[in-house]
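1. My questions are about this predicted structure, shown below with the sequence.
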Amino acid sequence: MTDVRSDVPAGAGPDVAWLAPGTPVDLDNCAREPIHVPGSIQPRGVLLAVSEPDLVVVQASENLAELTGVGWSDALGRPLAEVLGVAQTGAVVRSASAFGDLRERNPVEITLDVGGDPVPVDAILHRAVLTGARDEHGQPEPGAPPVTNLVVELEPARGPRPFSFPNTYQAVRSTVTELNRAATLQDLYDVTARAVRGLTGFDRVMVYRYDADYNGEVVAEAKAEHLNSFLGLHYPASDIPAQARALYEKNWLRLISDVDYVPSPVHPAAHPATGRPLDLTYATLRSVSPVHVEYLHNMGVRASMSISLLREDELWGLIACHHYSGPHAPPFATRAAAEFLGSTLSLRLVDRTAEDEVHRALQVRSTLAWLTSATLDEDRPLADTLLGSTSLLDVLPADGVTVSLQGGTGSKGDALPPELVEALVGWAAARGGEVVATDSLRRDAPELDVPVDVACGVLVLPLPEGQHVLWHRRETVHSVDWGGDPHNKAIAEREGDGVRLSPRKSFDRWRETVRHRSRPWTPQERSEVAQLRTHLLEALYARSRRIVRAAETLQRSLLSDPPEPEHLEMAVRYVPATREAQVGGDWYDVFVQPDGSTVLVIGDVVGHDTEAAACMAQLRGLLRGIAFDNAEGPARVLARLDGAIEGLGLGALATVLVGRLEQTPEERAAGVTRMRWASAGHLPPLVVGPDGALQALSAPRPGMLLGADPHAARTDQVTVLHRGSTVLLYTDGLVERRESGFDDGVARLGQALAELRDRPVEEVCDEVLERMVPDGAEDDVALVAVRLLPRD
């Protein structure tokens with residue numbers, strides 16, 4: 001079974017001081033209101049909490065008799081069948097006993113017999129798992145077992161029956177097609193707002209998006225003609241407290257069919273087995289905060305519904321529905337269809353955002369790789385390298401950047417006075433951290449008194465010995481239209497001898513001019529410059545040591561040690577050519593994907609020296625980013641890498657082979673592993689079985705080099721490997737000789753590999769190098785050796 005949870009308050013940290021039951025709630029304390037345990041429900045339906053497995057009613061809503069004919073006090077302690085009927089209880093039990101998520105089978109359609117009249121009812125089920133009984137101090141009693149309840153909510157059935165998810169999809173199919181065709185984010189928002197309003201009949205439907213601080217903005221709206229527009233209005237984060245947002249991430253749709261409802265209490269208030277209120281996080285009928293009800297009243301809203309928009313399980317925004325002419329209760333099927341639209345929009349938003357982020361990440365990664373390789377030229381000052389035609393402003397857009405590295409200084413874009421740079425760097429160093437950023441120096445460093453037209457926001461990379469990189473942005477003045485004054489969100493109302501804080505009553509457009517802020521530094525930008533900082537530290541270290549050329553430092557820093565999966569033994573080698581410039585375009589890579597598969601990469605960029613190293617760094621970074629969580633197969637990875645080479649104008653040519661070691665549990669038990677591989681013109685991998693049989697893997701058609709034709713067809717090949725087999729990937733420097741061809745070299749390599757099959761792969765690599773290039777390689781050599789370990 002699924003759909004279970006603890007009774008820890010949703011969104012609560014360990015130190016949240018929740019309000020005690022019965023405490024009056026106002027805007028001063030509503031952020032501590034335990035809204036997941038309101039102790040009551042909305043009376044458009046009834047609620048029963050049923051113990052399992054004996055199916056005895058342990059809690060019931062006060063209005064139970066209105067729908068079942070059985071009073072709540074009479075229902076407590078009785079079997080569910082005596083409250084709902086035998087056949088009806090059987091239908092509920094069958095649904096609750098099936099495997100999987102209860103919500104996927106809701107509603108259970110039953111008909112109650114109330115005074116001889118048949119009443120169609122939708123039963124909506126979920127489970128609540130509560131901790132065991134508590135002592136008088138609220139601490140768990142030792143050994144108290146968890147308590148599982150089946151929560152049964154019953155609503156009078158309205159709308160088409162029988163309900164089915166295929167019918168739900170049919171109701172929104174044309175809208176899903178429109179969403180698939182949407183060219184922009186705004187199109188996605190607008191299509192969804194119109195569709196949800198047409199589906200549900202609410203007077204107003206808004207798509208509401210949060211910013212990083214959870215202030216909301218209405219980005220799309222569909223409404224009745226006579227209503228004023230809320231489009232473009234912003235609402236402060238305090239309008240929806242954190243614990244409410246946490247519930248929105250768990251229960252994706254919430255309906256208040258009548259804001260004037262009188263809550264129906266749940267009896268008994270404390271669960272008999274735990275002494276605590278019933279957690280209604282997942283309850284459709286959960287009663288809402290009186291402060292929220294008052295907020296809706298102040299807006300003139302009589303009914304509302306909201307649908308969560310999620311990105312990676314975090315709340316991104318809401319589809320907010322308002323009705324003004326009276327109560328409004330869309331039937332379950334309509335709500336399910338609207339929730340389906342919200343889920344679809346969430347997926348489209350994730351896809352769209354991911355596309356944008358990947359495109360930017362590819363561009364920035366390419367620039368970072370170029371700059372990193374360019375720092376290898378020790379004849380050029382490092383500051384000059386970073387401020388050339390391709391510069392740090394291509395990594396991070398700003399009004400200007402200032403660099404101080406190895407005694408050289410410089411700037412690009414708008415220059416800052418040297419004394420101001422010194423003050424800003426000192427301020428950043430005092431704050432600590434590898435990346436120090438602010439979008440408001442007036443707020444975070446008022447003591448510096450920096451004019452906003454000179455620098456309003458800065459991002460600083462503090463480096464050893466006072467070295468630094470500093471980007472700055474000027475003030476960006478913009479206006480925000482709020483739904484009411486965000487600085488006066490509450491009004492004081494007298495209640496008897498006391499005064500309480502009530503939600504604001506005016507939601508008129510209130511324009512605020514935001515000053516003393518620059519364009520913010522995004523989390524993605526901060527992550528990218530953190531990578532740059534690592535590269536700069538490597539370059540500074542290499543230059544200070546003066547042991548090898550910085551290009552060789554780059555080469556080796558990229559060729560890291562392989563992972564160590566428990567079922568594989570791995571070894572890697574990189575041997576530079578014996579020529580003077582010990583750097584080239586050969587590389588290897590080994591990494592484990594999120595699903596547990598192991599990716600093997602061997603590649604060779606056409607050319608030598610720093611240009612080849614730069615291309616190698618770009619291709620390795622791009623390939624790793626494309627392949628890390630890509631389960632489509634090596635051929636697709638190579639095709640996407642080819643497209644990136646063309647789209648980014650890299651002008652690279654390279655041979656590459658990508659292999660993916662895959663294994664199902666059954667295959668692992670049988671001692672076999674599949675290697676799915678694809679080649680872009682690279683030399684064939686060699687496989688030696690545990691019996692010494694040698695195989696050179698080849699495809700029916702040799703794949704074309706990367707960079708030659710971005711539309712070249714690429715296909716995956718699959719080879720089954722048995723336990724004890726050894727796989728060797730290599731570059732041409734190992735087998736190419738002036739006096740003989742590749743075939744002879746590959747044959748000699750295969751013979752050596754077969755003879756060494758019983759040796760550890762570390763020794764295999766060393767011995768292969770000793771036999772094949774005893775006097776050093778004329779060209780760079782990269783090796784990856786993998787053995788499938790036998791079972792102990």
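-> Structure's in. What do you need? These numbers were taken from a predicted model, which means no experiment stands behind them.
2. for the most centrally placed residue in the chain, phi and psi?
-> In the chain, the C-alpha nearest the mean C-alpha coordinate belongs to Glu312, at 3.9 Å (Cα atoms, centre = their mean). When read as degrees, to the nearest 10, the backbone of Glu312 gives phi 50, psi 50.
3. Show the contacting residues for it.
-> Val350 (Cβ atoms under 8 Å, 6 or more residues apart in numbering). In this view, the C-beta of every residue, glycine as well, is placed from N, C-alpha and C.
4. what separates it from Val259, distance-wise?
-> Per Cβ to Cβ, to the nearest Å, Glu312 is found 33 Å from Val259.
5. now Arg787
-> 69 Å.
6. So if I had to pick from the two, which one is more boxed in?
-> Taking neighbours as other Cβ atoms under 10 Å, Arg787 and Val259 compare with Arg787 leading, 24 against 21.
7. Show me which residues of the helix or strand containing the more buried one are buried.
-> Using DSSP states H and E, Arg787 falls within strand 781-788. For strand 781-788, a neighbour-count test (16 or more other Cβ atoms under 10 Å) marks 781-788 as buried.
8. can you put those residues in CSV and add distance to Gln663?
-> As requested, the buried residues of strand 781-788 are arranged in CSV below (distance: Cβ to Cβ, whole Å):
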residue, distance to Gln663
Val781, 29
Ala782, 25
Leu783, 23
Val784, 18
Ala785, 19
Val786, 13
Arg787, 14
Leu788, 9
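9. Am I right that Val452 falls within a strand?
-> No. Under DSSP: H, G, I helix; E, B strand; the rest coil, Val452 falls outside any strand and is assigned coil.
10. Let me know whether it touches Arg474 as I believe.
-> Yes. At 6.9 Å, Val452 counts as touching Arg474 under the criterion of Cβ atoms under 8 Å.
11. What segments of the stretch 601-750 of the chain are strands?
-> 654-662, 672-680, 686-688, 694-696, 717-722, 726-730 (DSSP state E, counting those that start in this stretch).
12. where do the helices sit along the stretch 451-600 of the chain?
-> 523-545, 550-558 (DSSP state H, counting those that start in this stretch).
13. Lowest average pLDDT across those helices?
-> The minimum mean pLDDT among those belongs to helix 550-558 (a mean of 56).
14. backbone phi and psi for Thr438, please?
-> Dihedral angles (degrees, to the nearest 10) for Thr438: phi -150, psi 150.
15. For it, give me its contacts.
-> Neighbours of Thr438 in contact, by Cβ under 8 Å, 6+ apart: 444-445, 457-458.
16. Please check those and keep the buried ones.
-> Buried among the contacts of Thr438 by 16+ other Cβ under 10 Å: 445, 457-458.
17. Partner strands of the strand holding Arg787, with direction?
-> Paired with strand 781-788 in the same sheet, following DSSP bridges, are strand 568-575 (antiparallel), strand 726-730 (antiparallel).
18. Go through these and pick out the most buried.
-> strand 726-730 (a mean of 26; mean count of other Cβ atoms under 10 Å).
19. Mind exporting the C-alpha coordinates of that strand to PDB?
-> Listed next in PDB are the C-alpha coordinates belonging to strand 726-730 (Å, rounded to 0.1, in the frame of the first residue of the first chain):
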ATOM      1  CA  THR A 726      37.900  -7.800 -19.700                       C
ATOM      2  CA  VAL A 727      37.100  -4.800 -22.000                       C
ATOM      3  CA  LEU A 728      39.800  -2.500 -23.300                       C
ATOM      4  CA  LEU A 729      39.200   0.900 -24.900                       C
ATOM      5  CA  TYR A 730      42.200   2.800 -26.300                       C
END
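20. Give me the residues contacting that strand.
-> Contacts of strand 726-730 (Cβ under 8 Å, 6+ apart): 588, 600, 602, 657, 659, 675, 683, 685-688, 721, 749, 753, 757, 761, 764, 768, 781-787.
21. coming back round to it: may I see the strands of the stretch 601-750 of the chain arranged in CSV, with mean pLDDT and distance to Leu568 as well?
-> Listed next are those as CSV, based on pLDDT from 0 to 100; distance: least, Cβ to Cβ, whole Å:
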stretch, mean pLDDT, distance to Leu568
strand 654-662, 94, 7
strand 672-680, 93, 9
strand 686-688, 95, 14
strand 694-696, 92, 19
strand 717-722, 94, 11
strand 726-730, 95, 10
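22. Indicate which one of these is closest to Val421.
-> Closest approach to Val421 among the strands of the stretch 601-750 of the chain is made by strand 654-662 (41.2 Å; Cβ to Cβ).
23. now for the buried residues of strand 781-788, which pair is the farthest apart?
-> Val781 and Leu788 (23.9 Å).
24. Quickly list the domain ranges of the chain.
-> According to automatic domain parsing, the chain comprises the domains 30-352, 375-477+517-530, 561-788.
25. want to throw these into a markdown table with distance to Leu536?
-> Output for those, formatted as a markdown table (distance: least, Cβ to Cβ, whole Å):
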| stretch | distance to Leu536 |
| --- | --- |
| domain 30-352 | 28 |
| domain 375-477+517-530 | 7 |
| domain 561-788 | 15 |
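26. Out of those, which is closest to Arg365?
-> Between these, domain 561-788 lies closest to Arg365; by Cβ to Cβ that is 5.0 Å.
27. Distance from the chain centre to the closest one, please.
-> The chain centre lies 31 Å from the centre of domain 561-788; the measure is Cα atoms, centre = their mean, to the nearest Å.
28. Between its first and last residues, what's the separation in it?
-> The straight-line separation of the ends of domain 561-788 (Cα to Cα, to the nearest Å) is 18 Å.
29. And stretch 457-467, by the same measure?
-> 20 Å.
30. Hmm, Leu783 and Gly733 touching each other?
-> No. Shown here, Gly733 and Leu783 do not form a contact pair, counting by Cβ under 8 Å, at 9.9 Å.
31. what number of residues lie near Ser229?
-> Counted with other Cβ under 10 Å, Ser229 comes out at 12.
32. and if you look at Val288?
-> With neighbours defined by other Cβ under 10 Å, the count for Val288 comes to 20.
33. and it, helix, strand or coil?
-> Applying three-state DSSP: Val288 is coil.
34. where in the stretch 651-792 of the chain is pLDDT low?
-> 738-741, 791-792 (pLDDT under 70).
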